[in-house]
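Enquirer: Here is my input; please provide its structure:
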Amino acid sequence: MSRRLLRFAVALAGLGATSFAATVPGLPPLSGELIGKVSLLSFPAIPKLDWKLTVVPAARGPLTVEATATAAGLSFVARAEFTSPDGDGSWRITSGEFEAAALLAAFAPQLGAALAGATAEGRVLVSGEGILRAGRPTGRVKIEWRDGVVRHAGQGWALEGVAFGGEFSVDATGAEPRVTSAGPFTLTVRTIGTARFGARNLNIAATLGEGLVLAVAAMNVEVAGGEVAADPFLLPLNPPVIGVNVRINRVGLQDVAALVPAGLSYARGRVGGEVRFTWSRKAGLKLGAGQLVLGTDEAATVRLTASPGMLSGNMPERFGFLPDSAGVLARWLSLRNPAFYELREIELGRTDLRVESLAVNLTPEGDGRGRTASVEITARSAKAGGSVDRIGFQINIAGPLTALLKIGMDDRASMKLK
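Expert: Take a look at the predicted model:
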């Protein structure tokens, strides 16, 4: 987008330089206006822009050219002063204001289907100044967005308190316009709400380099009383592709339960570790290699979603001394197995488990046993005085790691009683 807008600005500047040639000595000064409409073919969601170019000649001093562009949700005014017939001079954006809703509508188709139907609020302000060389601008442009909101009612997520601020160098003197950061820019989001979990205080600091490549120096967010931070990474914008290592520190287990609602109905405690994520418009979000482990500074408790037979299915309800063929007599002489009933209470989500250890290992390329992920949990029943001392779970996953976010405690889980 930046390059296309720069080309449009260069064209307006060229019209101004041509007008300056009509004011050379010996010819009467000329003035006037050019008006028209232009469509940005790469952004069909933006309505046609009404533009006007006003030339104000001067018998002495610089020629002034004012360019305006307006559309629904967009207002832009720039002024250029030419000091030579060659098109040298200076330029300034005197007023630039965009509605965030209009910008999102323009960019959403290029950012993927996930943003289709999203809405935005707030105003984006643009200012800048620089010099003209042969009618081509160089200089700096400042972009600000404060108190913004982006939400998607259909998908149940919202970003509130969005703020963006950055200054960028523009140079249209070469064959292709160039846009780079004049310094680090920042993006902050006060709160992030989703249907499953929330976060707050997202902070991103980055720079824009050659070839429209973002260098993200820092990215962190607070989640469930802990922090998730990314290692520095590069993000090409054309097309956007992300590959990043994420470090997790003391994130609440309740968010793990929210991601695997088919397995855990309740969780308390903290986990930490490191996970790699990749994203592209074509492949979507994918989990990479990583590990999560249970923190030791806070007691951890989980409660399973009701899964009848998961723990008790291979255990006898009673201990018998006579064969079943003995009928009623065999049952009369059998003993009740207390562990069976305790395990049934656990698998039905009626008794909590005190977790002693929890480890999630992600191996998307497969490990020695062909697993792409494994989850190991060692826990004790929270019921005092019970007959079940310790329970060990191992959940093995073979296949795409996206299944990890959907897995429940089903027949893929193996159990060991200790």
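Enquirer: quick one: the helices in the stretch 301-418 of the chain?
Expert: Secondary structure of the stretch 301-418 of the chain by DSSP state H, counting those that start in this stretch: the helices cover 328-332, 338-347.
Enquirer: Could you tell me the least trusted of those helices?
Expert: For the helices of the stretch 301-418 of the chain, the weakest mean pLDDT is recorded on helix 328-332, namely a mean of 59.
Enquirer: for the protein, longest strand please?
Expert: Assignment by DSSP state E gives strand 136-152 as the longest strand of the chain.
Enquirer: same for that strand, what does it pack against?
Expert: Secondary-structure packing of strand 136-152 (3 or more C-beta pairs under 8 Å, 6 or more residues apart in numbering; DSSP states H and E): helix 2-21, strand 89-99, helix 100-111, strand 119-121, strand 123-133, strand 157-171. The C-beta positions use only the backbone N, C-alpha and C, and glycine is treated the same way.
Enquirer: Mean pLDDT lowest where, among the ones you listed?
Expert: Least confidently modelled of the helices and strands packed on strand 136-152 is helix 2-21, at a mean of 46 by mean pLDDT.
Enquirer: Would you mind checking the average pLDDT for the helix or strand following that one?
Expert: With elements assigned by DSSP states H and E, the helix or strand that comes after helix 2-21 is strand 32-38. The average pLDDT for strand 32-38 rounds to 83.
Enquirer: With just CA atoms, put strand 32-38 into PDB.
Expert: The C-alpha atoms that make up strand 32-38 are tabulated as PDB, following Å, rounded to 0.1, in the frame of the first residue of the first chain:
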ATOM      1  CA  GLY A  32      -6.200  27.000 -11.600                       C
ATOM      2  CA  GLU A  33      -7.500  23.700 -10.300                       C
ATOM      3  CA  LEU A  34      -7.500  20.100 -11.500                       C
ATOM      4  CA  ILE A  35     -10.200  17.800 -10.100                       C
ATOM      5  CA  GLY A  36     -11.100  14.200 -10.600                       C
ATOM      6  CA  LYS A  37     -11.700  10.800  -9.200                       C
ATOM      7  CA  VAL A  38      -9.400   7.900  -8.800                       C
END
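Enquirer: number of nearby residues for residue 63?
Expert: Residue 63 has 25 neighbours, counted by other C-beta atoms under 10 Å.
Enquirer: cool, residue 346 as well?
Expert: Counted with other C-beta under 10 Å, residues neighbouring residue 346 total 25.
Enquirer: Tell me how far it lies from residue 285.
Expert: 33 Å (C-beta to C-beta, to the nearest Å).
Enquirer: Kindly report the same for residue 255.
Expert: Here residue 255 is placed at a distance of 16 Å from residue 285 (C-beta to C-beta).
Enquirer: more neighbours, these two?
Expert: Higher neighbour count among residue 255 and residue 285: residue 255, with 20 against 12, using other C-beta under 10 Å.
Enquirer: helix or strand for the more buried one, which one?
Expert: helix 253-259.
Enquirer: So what are the sheet partners of whatever helix or strand comes next after that helix and their directions?
Expert: Counting by DSSP H and E, the element after helix 253-259 in chain order, helix or strand, is strand 264-268. Partners of strand 264-268 in the sheet, by DSSP bridges, are strand 300-304 (antiparallel).
Enquirer: so residue 84, which of the three states?
Expert: Under DSSP: H, G, I helix; E, B strand; the rest coil, the three-state class of residue 84 is coil.
Enquirer: Show the pLDDT at it.
Expert: In this model, residue 84 is scored at 83, pLDDT.
Enquirer: Touching, residue 211 and residue 236? I think so.
Expert: Yes: taking C-beta atoms under 8 Å as the definition, residue 211 is a contact partner of residue 236 at 7.4 Å.
Enquirer: any idea how far residue 209 lies from residue 236?
Expert: Remark: distance between residue 209 and residue 236 (C-beta to C-beta) = 10 Å.
Enquirer: Settle it for me: which of residue 211 and residue 236 has more neighbours?
Expert: When residue 211 and residue 236 are compared for neighbours, residue 236 comes out ahead with 13 against 10, by other C-beta under 10 Å.
Enquirer: tell me which element the more buried one falls in.
Expert: Going by DSSP H and E, residue 236 is part of strand 233-236.
Enquirer: Just checking: what are the partner strands of that strand?
Expert: Using DSSP bridges, strand 233-236 pairs in its sheet with strand 213-223 (antiparallel).
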